[in-house]
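A.B. asks: Provide a 3D model corresponding to the input given below.
(one chain, ligands or ions: 2)
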Amino acid sequence: MKVTTMKCMKCGKEFPVSLDRYVCDVCGIEGILDIIYDYKSIEISKEEIAQNRDYSLWRYKKMLPLEESAPVPPLQVGWTPLYRASKIEDQLGLNNVYVKDDGRNPTASLKDRASAVGVAKAIEAGAKTICAASTGNAASSLAGFAASAGIKTVIFVPKRAPKAKVAQLLVYGAKTVIVDDSYDRAFELSVEITEKFGFYNRNCAYNPYLVEGKKTVAFEIWEQLGFDVPDRVYVSIGDGCITSGVYKGFYDLMQLGLTEKMPRIIGVQASGCNPIEVAMKTGEFTPQEGNTIADSIAVGVPRNRLKALKSLKESNGDCISVTDDEIRSALLELPRGTGVFGEPAGVTAFAGFKKHALAKDIDSEEKVVIINTGNGLKDIDSAISVCTMPTPVASDVEAVAAHVKTLV
Ligand SMILES: *Cc1c(COP(=O)(O)O)cnc(C)c1O
Ligand SMILES: [Zn+2]
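C.D. replies: Ligands and ions are numbered 1, 2, ... in the order given. Prediction:
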């Protein structure tokens, strides 16, 4: 078996592999588990990967906590494009900048990587009903994957979840509970309800298999760069699962003897909700309110903070924050500079990158990857709020011509 144990991030206690254990029995909800592999039992080479014609995250199935023959949900996830951001390079005097567009997944966010593995594990566990709480994207993603696999879902979202994300839940047929409170409260309720009703729990910052799915974004970055590890990866942080996944992916590659270095992982938070940045700087964690336009990272109590902090520290990375005004600027700068349309939390990583670039904190030759974690169509109200809506013009040629003259 390639997975040997599940190890508590807090106290280090190890548990036998199990489908229904989520957290450490000593540390409780703080004791998120990490999936531990016997790397020697995984035989894989760059040549083998390069020849794989499966252009989805399952091309790395050998490096995931699933048997080769395990059934997986049918939606196609991963192998999202990695674009060279030449125009951005010119603007900022850099030479090696890339954008990984994970808004190009079936439900339009990076969460689909987690759902793919999470639902595969739920199928293995014979789960009938999966439960989760989410700021929005994990919910819409789970709803889509569960629909594709014929599993029921009960989903908790906070009142502020953008309409497009709620629309996804409803069309996929998820039993949706809109909690008249914050995401943090919705999370607590979902954990209690899961226990009460015996559901399968898909909360990322809880179910350790989900970070395993998210790590495939690191495998892809490495492969798409021609089997090269970048110097830095910028990623936005909410609960800290994507950050932990990026770290785990590059860690696995090193353990498997495929790479020799870890990129610096730079986490980016919103200044109105930056508990990880504060914990990085002071060593102390303090819960916060989620005050930011970037709803997907409005997480005042990041559930996976221990894993995320470890990932940032061990990669010699950092955590910075950007203001909502900087996020608003990035909502236009990323699409206008690259063609990639991100939601507020998606462009937050770009805003953090830009802040570092303007501060001359990035060497011009450094290879930098910025992950866009969610599609801009997820939150069109925010997108429209940073633009000027044109007023309708009378439909005759002269009026239109006069109007166009003012535009060009
Ligand atoms: C969930 C999410 C994040 C944050 O990921 P965490 O794993 O919670 O840190 C960032 N951006 C988008 C678009 C998301 O949906
Ligand atoms: Zn523990």
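
A.B. asks: Please make it C-alpha for all contacts and neighbour counts, starting now.
C.D. replies: Fine.

A.B. asks: Could you identify the helix or strand that succeeds the worst-scoring helix or strand of the chain on mean pLDDT?
C.D. replies: For the chain, scoring each helix and strand by mean pLDDT, DSSP states H and E identifies strand 200-201 as the least confident one, at a mean of 80. Sequence-wise, the next helix or strand downstream of strand 200-201 (DSSP states H and E) is helix 209-214.

A.B. asks: related to what we said a few turns ago, elements contacting the least confident helix or strand of the chain?
C.D. replies: With contacts taken as 3 or more CA pairs under 8 Å, 6 or more residues apart in numbering; DSSP states H and E, strand 200-201 sits against strand 129-133, helix 183-197.

A.B. asks: Deepest-packed of those, please.
C.D. replies: The densest packing among these, expressed as mean neighbour count by mean count of other CA atoms under 10 Å, is seen in strand 129-133 with a mean of 25.

A.B. asks: Who are the packing partners of that one?
C.D. replies: In terms of contact count using 3+ CA pairs under 8 Å, 6+ apart, strand 129-133 is assigned the packing partners helix 137-149, strand 152-158, helix 183-197, strand 200-201.

A.B. asks: Partner strands of the last one and their direction?
C.D. replies: Sheet neighbours of strand 200-201, with direction, are listed as strand 129-133 (parallel) (DSSP bridges).

A.B. asks: what about the strand it pairs with, near ligand 1?
C.D. replies: No: remark: strand 129-133 sits outside contact range of ligand 1, by CA under 6 Å from any ligand atom, the gap being at least 11.2 Å.

A.B. asks: which residues are contacting that strand?
C.D. replies: Residues outside strand 129-133 that contact it (CA atoms under 8 Å, 6 or more residues apart in numbering) are 122, 139, 146, 151-157, 183, 186-187, 190-191, 194, 199-203.

A.B. asks: Per-residue confidence at the residue of the stretch 301-408 of the chain found nearest ligand 2, what does it come out as?
C.D. replies: Using CA to the ion, Leu306 is the residue of the stretch 301-408 of the chain that sits closest to ligand 2, at 11.6 Å. The model reports Leu306 with a pLDDT of 93.

A.B. asks: hang on, Leu33 is in a strand, isn't it?
C.D. replies: Yes: when the secondary structure is assigned by DSSP: H, G, I helix; E, B strand; the rest coil, Leu33 falls within a strand.

A.B. asks: next one: phi and psi at the closest residue in space to it that isn't next to it in sequence?
C.D. replies: Taking CA to CA, 6 or more residues apart in numbering, and ignoring the residues beside it in sequence, Leu33 has Cys8 as its nearest neighbour in space, at 4.4 Å. Recorded main-chain torsions at Cys8 are phi -70, psi 130, according to degrees, to the nearest 10.

A.B. asks: Pull the number of nearby residues for Cys8.
C.D. replies: Applying the criterion other CA atoms under 10 Å, we find 23 residues in the vicinity of Cys8.

A.B. asks: same thing with the one 10 residues further on?
C.D. replies: Under the neighbour criterion other CA under 10 Å, Ser18 is assigned a count of 10.
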